[in-house]
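give me the fold of what follows.
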Amino acid sequence: MPNSKVTRIEIKSYAVWDKPTRLFHWVNVILVLALVLVGGIMMYRSELGITELTGKIGLKTLHVCIGYAFALNLLVRLVWGFVGNKYARFSHILPNVKTKSDLMLYKSELAAGKNPQYLGHNPKGKFAVLAIMLLLVTIMLTGLFRAGTDIYYPPLGSAIQSYLAESNVDPESLQPYDETGVDVEKAATIKPFKGLAGEVHVYAVYLLLLLILLHIFAVIYTEVKRQPGIISAMFSGKKIIQGQPKDE
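This is a model prediction of the structure:
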């Protein structure tokens with residue numbers, strides 16, 4: 001009877017996503033959903049029967065307060081991208097000079113029917129992470145600018161009030177959406193910048209939502225077809241790898 005050899009693929013658990021990375025991920029999900037919900041109510045407040053100025057300011061204030069939590073969470077993640085563990089650092093999760101060749105190799109292996117395994121993000125995923133991070137930073141910066149120009153909230157609110165107030169008016173007396181004491185010419189000067197920041201903010205959110213949907217689809221597809229356990233890893237921090245990971 002001829003000898004037969006059975007090739008066994010080693011399955012091993014690796015600690016990948018540390019607690020701060022996982023915490024950022026899920027807090028960010030919750031805050032983005034909350035911001036989109038409140039932002040949507042703001043955009044359609046007239047249709048929802050919210051016509052009074054106090055209602056408009058209240059929604060804006062709520063949106064800004066959630067935005068501060070979003071910004072703080074993002075800033076912590078940006079810092080953690082330099083001091084966190086190997087798989088949390090930007091040097092590992094963002095594209096670099098080797099990513100193009102890694103991407104070509106990744107595609108060729110998939111075309112050959114292989115199933116390359118990654119502890120961190122695969123080469124395609126790194127570009128998605130870069131796009132999402134850039135959008136998050138853009139949303140944060142434009143949101144903080146509009147918080148200062150719309151309702152005079154930090155970090156720019158005091159500076160905006162000082163700039164807009166007429167010479168004989170106390171800047172702190174200026175009220176949101178009230179032109180009393182506001183220098184008309186200065187308000188006209190800042191208006192285009194407000195409009196641009198608002199448009200960039202809104203369209204960045206639209207693009208972020210599109211990328212989130214694509215991300216969810218890609219994660220589910222990868223979980224089912226190529227690398228089981230990547231969803232549970234964002235809860236446990238551990239990935240189950242079949243064979244030798246490409247980025248150990």
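
can you tell me the closest non-neighbouring residue to the residue nearest the centre of the chain?
The centroid of the chain falls nearest to residue 136 when counting by Cα atoms, centre = their mean (3.7 Å). Among residues not flanking residue 136 along the chain, residue 74 sits closest, at 5.5 Å (Cβ to Cβ, 6 or more residues apart in numbering). To be clear about C-beta, it is placed using only N, CA and C from the backbone, and glycine gets the same treatment.

name the element that neighbour belongs to?
Per DSSP states H and E: residue 74 is located in helix 53-83.

elements contacting the helix or strand following that helix?
Sequence-wise, the next helix or strand downstream of helix 53-83 (DSSP H and E) is helix 90-93. Packing partners of helix 90-93 (3 or more Cβ pairs under 8 Å, 6 or more residues apart in numbering; DSSP states H and E): helix 53-83.

what comes up buried for the helix it packs on?
56-57, 59-61, 63-64, 66-68, 70-71, 73-74, 77, 80-81 (16 or more other Cβ atoms under 10 Å).

for residue 245, what are its contacts?
Counting by Cβ atoms under 8 Å, 6 or more residues apart in numbering, residue 245 makes contact with 14, 117, 118, 119.

can you confirm it is in a helix?
No. Residue 245 sits outside any helix when classified using DSSP: H, G, I helix; E, B strand; the rest coil, being coil.

related to what we said a few turns ago, who wins on neighbours among the contacts of residue 245?
Tallying neighbours with other Cβ atoms under 10 Å puts residue 118 at the head of those, with 23 neighbours.

list the residues that contact it.
125, 227, 245, 246, 247.

farthest pair within those residues?
Pairwise distances across the contacts of residue 118 peak at 13.9 Å for 125 and 245 (criterion: Cβ to Cβ).

what about residue 47, neighbour count?
8.

repeat that for residue 120.
Other residues close to residue 120 by other Cβ under 10 Å number 20.

quick one: low-confidence parts of this protein?
Low-confidence segments of the chain (pLDDT under 70): 1-9.

what about the strands in it?
11-15, 238-242 (DSSP state E).

deepest in the core, which of those is it.
strand 238-242 (a mean of 18; mean count of other Cβ atoms under 10 Å).

in its sheet, which strands sit next to that one, and in what direction?
strand 11-15 (antiparallel) (DSSP bridges).

quick one: the strand it pairs with to chain centroid distance?
28 Å (Cα atoms, centre = their mean, to the nearest Å).

and stretch 45-59, by the same measure?
Centre to centre, stretch against its chain (Cα atoms, centre = their mean), the figure for stretch 45-59 is 27 Å.

same question for stretch 220-229.
23 Å.

do stretch 143-152 as well
Worked out by Cα atoms, centre = their mean, stretch 143-152 lies 19 Å from the chain centre.

got the contact list for it?
57, 60-61, 64, 67, 70-71, 153-161, 174, 176-177, 190, 193-194, 197-198, 201.

what of stretch 221-239?
13-19, 22, 25-26, 115, 117-119, 219-220, 240-241.

how about stretch 190-202?
138, 139, 142, 143, 145, 146, 149, 150, 160, 163, 164.

could you export that stretch as PDB, CA atoms only?
C-alpha atoms of stretch 190-202 as PDB (Å, rounded to 0.1, in the frame of the first residue of the first chain):
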ATOM      1  CA  ILE A 190     -15.700  85.100   6.600                       C
ATOM      2  CA  LYS A 191     -18.800  83.800   5.000                       C
ATOM      3  CA  PRO A 192     -17.200  82.100   1.900                       C
ATOM      4  CA  PHE A 193     -14.800  80.200   4.300                       C
ATOM      5  CA  LYS A 194     -17.700  79.100   6.400                       C
ATOM      6  CA  GLY A 195     -19.500  77.900   3.300                       C
ATOM      7  CA  LEU A 196     -16.500  76.000   1.900                       C
ATOM      8  CA  ALA A 197     -15.800  74.400   5.300                       C
ATOM      9  CA  GLY A 198     -19.500  73.300   5.500                       C
ATOM     10  CA  GLU A 199     -19.500  71.800   2.000                       C
ATOM     11  CA  VAL A 200     -16.200  69.900   2.600                       C
ATOM     12  CA  HIS A 201     -17.600  68.700   6.000                       C
ATOM     13  CA  VAL A 202     -20.800  67.400   4.500                       C
END
